[in-house]
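Trainee: quick one, structure for this:
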Amino acid sequence: MHPTCHMLVGPPASGKTTVAQHLKHCLPEAIVVNTDDLRRDLFGNEEIQGPWEPLEASVLQHIQIALKHGQPVIYDATNVKRSWRMDLIQKLNFPDLPWIAWVLQTPLAMCLEWNQQRQRQVPNPIIQTFYQTLHQFPVLPAEGYQSVLALHPHLETNLPQVLQRELDNLETRQRNQQNRYAHFQRHGYSQLLDFDRLMHLIQLLSHAPGLGQLATQDPQRLMCLLQTQHLPAFLEPLEEIAAVMAAQHGALYADPTHLAQDLQWLEANGFLGSPVPNRPLQLPPAPPTHPIRCHPYSDRDAFERLLNTIRYILQSPLSQEPARQAEQDRVPTPPGQIAILAHQLQAAGLVPGNPLPMLRKDIERILKPYGLFPPQPLRKGYFLGTGILDRSDLQALYELAQKQVDGLDDVLSRALVERFETRLRWAQFDLQQHYPVRAIERGSIVNVDLLSGEALSTPAQSQALEADIRHRCLIGLAYRKGAALHGDRPLQETVWPIQILFHNIAWYLGYQVASGPRKGLFCFERLDRLYRTPPKETAPPWSQQQQRQALKHLETLCQHSFGIYFGQDPAQQEAFLQATPRQRLQHMGTLKLRVTPALFRFISEATQQFPRAQVAMSRPEQRDLHGHPDLKKLYKLPRAQDPQHPFRLQVKLPAWCFEDVTLKAWVLGLGPGVKVMGPPPFQAWVLQEIQQAANLYSAPPSSAPNPSPSLPS
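Mentor: Predicted structure coming up:
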């Protein structure tokens, strides 16, 4: 029979050393192993923390020597982390060694006050962190203790008497503890070490998607998880998972063999890969070895309830808020999120009876402390890690992203979508069975593969340009040789990049000119026409407020224009932006069209082609307005007294829009189905274009073409 070991547990300045001294009087033969004393022996000063490995070896050596001599041990250290406590007990490797945990329940405020009275003070943030760590994972008998005793040094007037009384009652406490867990139906995770490891693994997998492949997929994220600046080489995904587990939660939980078994169990029961909703959990049997010291989830019913809850939230994230909103239509005071979750679990047959009371305990005991739930309150429903969408939503989102990348030739997002697709395949999504219900047929007219590597539309340059926008940097732009130019634009400028936009046929950069005669002008230009040059001047980055204001101005110009051409006059733009909405309308020109009935059926359907507040038209024939007030405002113009072109369309537009090739091409493309009635300069331009086209085709050929050789039929 081994002598008893006593482990003190509490944050710095909680009174541990005082308790150890009094406990030594109750146990005269005991030796006190104090980590501060050992640091002084090892490093010459107890204030020097030093590496843990030699200190741990010294702790184990002193305890082992005492046990061999039959002496009780009082281990005086903070011991606030569960992994520290369990790891020490396991490393001593004395079968049936009785351990008693003395947990000091000293309030944080008292610890901070006592700390000020000590000769060697500990920084307050360390005391606060240790205090929170201990309360996050409180001491349980299942860690390896025969008894866990709570002490309140700040309240006790006769601490030695309290300690002696607790020592005298140890046998009674142990019998009561055994009786409390006698009815438990044990399972493969009834041992606390196995249960903790499983919970930590679920937390890692839900918060670090792709764990096991991060070395190739996201090395920066992996180095952050490993808390290292140098990425080690991993031969197998399991090695990466074990390394992250050790870095995040302790080497105690990082055994690869046990982690592999946990992963296999999670996959078989629908936590990873394909879902298996409502299927009963297949629990591994309890180990037939030494007796198990039970924790609250050592019983099969409690474990199944907890894991069914976790699996349900993984497969149906944030499903409580829609249910609550539906209840609002039926009852004046709908139930809260946790009550809805309890009802969902019960309705799915995952838990018997009313699970609400125990569900509250599961959240407080497990889901929050283990980090499965985020620290902030979940007022709109429950989810784990980054799992905020269910499988059908993820599939739909992938289809949408894939169509945008392919249809719009979004080169920069292609890598992200490919990574998304890879993760879905790892999660056993059957993408081969995907049927393309929706598609984007016409995207960018520019083939990026045929461009020089300097063009801003290439992946590398686009990524650098995005970084410039995010960092609000000044850059230099120049047109590539032979690029098409609209108007008399300079070949090189210094600009503030604001936004990348896909418009009709290609990707464009929206920017504000920073210097020169066009300073202050807002423009859009196609990315494939531009390349980067050193800026002609330097300036500190924009503030966030400056960038937001510039973006607001750019959006205002877009919202009031036909396309994304805003003229060449910065003063004209500035006057427009500073004007009130009423003043803007007063200074706009009015595009007036008369349209044939057949063509107007098509034009009148495009209710979003022009800014809503700037357009009016005749009511189409046989068009049901469904009593919609916006349609009545839109279709408010009377018809014209024109038998061929009776339907009217009027659009108020800024002056620069009548120089926009997009508007000109749209009007000319309507052909004889439309008559331009105003404004007069635009009408004159249309007549000139039509006349020039007619002259082009009516002019006699300058010379007869050579006859083509006959072709065989």
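Trainee: low-scoring stretches of the stretch 301-450 of the chain, by residue?
Mentor: For the stretch 301-450 of the chain, applying pLDDT under 70 flags the ranges 321-335, 376-391, 403, 406-412, 426-428, 433-443.
Trainee: do you have the helices of it handy? List them.
Mentor: 320-328, 337-347, 356-362, 391-407, 411-426 (DSSP state H, counting those that start in this stretch).
Trainee: distance between the helix or strand following the last one and the chain's centre?
Mentor: In other words, helix 411-426. Toward the C-terminal end, the helix or strand that comes next after helix 411-426 (DSSP states H and E) is helix 459-471. Centre-to-centre, helix 459-471 and its host chain are 21 Å apart (CA atoms, centre = their mean, to the nearest Å).
Trainee: looking at the helices of the stretch 301-450 of the chain, which is closest to residue 255?
Mentor: Residue 255 lies closest to helix 411-426 among the helices of the stretch 301-450 of the chain, at 23.5 Å (CB to CB). Just so you know, the C-beta spots here come from the backbone N, C-alpha and C atoms, and that holds for glycine as well.
Trainee: so what does the closest one touch, helix or strand wise?
Mentor: If you count contacts as 3 or more CB pairs under 8 Å, 6 or more residues apart in numbering; DSSP states H and E, helix 411-426 packs onto helix 391-407, helix 459-471.
Trainee: then it to CSV, C-alphas only?
Mentor: What follows is helix 411-426, C-alpha atoms only, in CSV (Å, rounded to 0.1, in the frame of the first residue of the first chain):
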residue,chain,number,x,y,z
VAL,A,411,-9.0,34.5,-61.8
LEU,A,412,-8.3,35.6,-58.3
SER,A,413,-11.2,33.7,-56.7
ARG,A,414,-10.4,30.6,-58.7
ALA,A,415,-7.9,29.3,-56.1
LEU,A,416,-10.4,29.9,-53.3
VAL,A,417,-13.1,28.0,-55.1
GLU,A,418,-10.7,25.2,-55.9
ARG,A,419,-9.8,25.0,-52.2
PHE,A,420,-13.5,25.0,-51.4
GLU,A,421,-14.1,22.1,-53.8
THR,A,422,-11.2,20.2,-52.3
ARG,A,423,-12.6,20.6,-48.8
LEU,A,424,-16.0,19.5,-50.0
ARG,A,425,-14.5,16.3,-51.5
TRP,A,426,-12.7,15.6,-48.3
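Trainee: touching it from outside, list them.
Mentor: Outside helix 411-426, the residues that touch it by CB atoms under 8 Å, 6 or more residues apart in numbering are 209-210, 213, 217, 394-395, 398, 401-402, 404-405, 431, 448, 457-459, 462-463, 466.
Trainee: one more time with 6 Å, if that's ok
Mentor: With contacts defined as CB atoms under 6 Å, 6 or more residues apart in numbering, helix 411-426 is touched by 210, 398, 401, 402, 405, 448, 459, 462, 463.
Trainee: elements contacting the lengthiest helix in the chain?
Mentor: Secondary structure of the chain read by DSSP state H shows that its longest helix is helix 680-698. The helices and strands touching helix 680-698, judged by 3 or more CB pairs under 6 Å, 6 or more residues apart in numbering; DSSP states H and E, number zero.
Trainee: what comes up buried for that helix?
Mentor: Neighbour counts using 16 or more other CB atoms under 10 Å place 682, 685, 686 of helix 680-698 among the buried residues.
Trainee: wait, the first one sits on residue 660?
Mentor: Yep, that's residue 682 we're talking about. No - contact criterion CB atoms under 6 Å: residue 682 and residue 660 do not qualify, at 10.7 Å.
Trainee: residues in contact with residue 219?
Mentor: Listed by CB under 6 Å, 6+ apart, the contact set of residue 219 reads residue 231.
Trainee: measure it to residue 394 for me?
Mentor: From residue 219 across to residue 394, the span is 24 Å (CB to CB, to the nearest Å).
Trainee: try residue 353
Mentor: Computed as CB to CB, the residue 353 to residue 394 distance reads 33 Å.
Trainee: which of these two has more neighbours?
Mentor: Set residue 353 next to residue 394 and count neighbours by other CB atoms under 10 Å: residue 394 wins out with 17 against 8.
Trainee: which one is that one nearest to, not counting chain neighbours?
Mentor: Among residues not flanking residue 394 along the chain, residue 424 sits closest, at 6.7 Å (CB to CB, 6 or more residues apart in numbering).
Trainee: cool, residue 230 as well?
Mentor: Leaving aside its chain neighbours, residue 230 sits nearest to residue 223 (7.8 Å; criterion: CB to CB, 6+ apart).
Trainee: near the one you found, how many other residues are there?
Mentor: 16.
Trainee: likewise for residue 320?
Mentor: Applying other CB under 10 Å, we find 26 residues neighbouring residue 320.
Trainee: any idea how far residue 337 is from it?
Mentor: Look at residue 320 and residue 337: by CB to CB, they are 4 Å apart.
Trainee: cool, and residue 82?
Mentor: Per CB to CB, residue 82 is found 29 Å from residue 337.
Trainee: show me which residues of the longest strand belonging to the chain are buried.
Mentor: Across the chain, the longest stretch assigned as strand under DSSP state E is strand 492-503. For strand 492-503, burial by neighbour count (16+ other CB under 10 Å) applies to 493, 494, 495, 496, 497, 498, 499, 500, 502.
Trainee: hmm, residue 511 and the fifth one touching each other?
Mentor: Yes - the criterion here is CB under 6 Å, and residue 497 meets it with residue 511 at 5.0 Å.
Trainee: burial check on the closest residue in space to residue 246 that isn't next to it in sequence, number of neighbours?
Mentor: Nearest non-adjacent residue to residue 246, counting by CB to CB, 6+ apart: residue 254, 3.8 Å away. Counted by other CB under 10 Å, the residues lying close to residue 254 total 19.
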